[in-house]
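Enquirer: Dropping the sequence and predicted coords here.
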Amino acid sequence: QVIDSTSLSWSTRMKGFVACFVIGCLCSLLGSCLLWIPKKGLILFAVFYTLGNITSIGSTMFLMGPMNQLKKMFEPTRLIATIVMLLCLILTLCSAFWHKAGLALLFCILQFFALAWYSISFIPYARDAVKKLFAVCLS
């Protein structure tokens, strides 16, 4: 079904996925390295970290197609996770461009957790396992 919905060959889609995912990881890694630059480091980190996450998320569109990806993102089971993740991505960039380093760092942290929660929504029963783990750790 996925193969029929796109004009790209499987090989081309895999290359696009790998390229975007690697670029996304490199952007996030570069952002982490830029964190240590005096004065502008935190802002550069927030921008590159966010762009890396956006690129990595976008890489999956090569595998399932843009419309199917959007449908899956906004399914009821992951709607809240998607909204929080997108909001954190936007707020991170806004904070960085407004030169609010503390807010940018806070939203980067929230972005990490929102993206993790969103990502595990694609793994069957992973959210339940994480909830149980936290319940055990907190009790």
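Expert: Great, that's in hand. Numbering: from 1, shown residues only.

Enquirer: contacts and neighbour counts: CA atoms only from here.
Expert: OK.

Enquirer: Which strand or helix spans the residue most central in space within the chain?
Expert: Computing the C-alpha centroid of the chain and ranking residues by CA atoms, centre = their mean puts Asn53 first, at 3.9 Å. Assigned by DSSP states H and E, Asn53 belongs to helix 41-64.

Enquirer: Pull the distance from that helix to the chain's centre.
Expert: 6 Å (CA atoms, centre = their mean, to the nearest Å).

Enquirer: so what secondary structure elements neighbour it?
Expert: Under the contact definition 3 or more CA pairs under 8 Å, 6 or more residues apart in numbering; DSSP states H and E, helix 41-64 sits against helix 10-34, helix 66-73, helix 79-97, helix 101-120.

Enquirer: Tabulate the ones you listed (CSV), appending distance to Ser59, mean pLDDT and mean neighbour count.
Expert: Output for the helices and strands packed on helix 41-64, formatted as CSV (distance: least, CA to CA, whole Å; pLDDT from 0 to 100; neighbours: other CA atoms under 10 Å):
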stretch, distance to Ser59, mean pLDDT, mean neighbour count
helix 10-34, 5, 91, 18
helix 66-73, 10, 88, 14
helix 79-97, 16, 91, 19
helix 101-120, 13, 89, 19
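
Enquirer: Of the ones you listed, which is nearest Val136?
Expert: Of all the helices and strands packed on helix 41-64, helix 101-120 sits nearest to Val136, with 18.3 Å by CA to CA.

Enquirer: Please name every helix or strand in contact with the helix or strand just after the closest one.
Expert: Next in sequence after helix 101-120, counting helices and strands by DSSP H and E, comes helix 126-138. Applying 3+ CA pairs under 8 Å, 6+ apart, one finds that helix 126-138 contacts helix 101-120.
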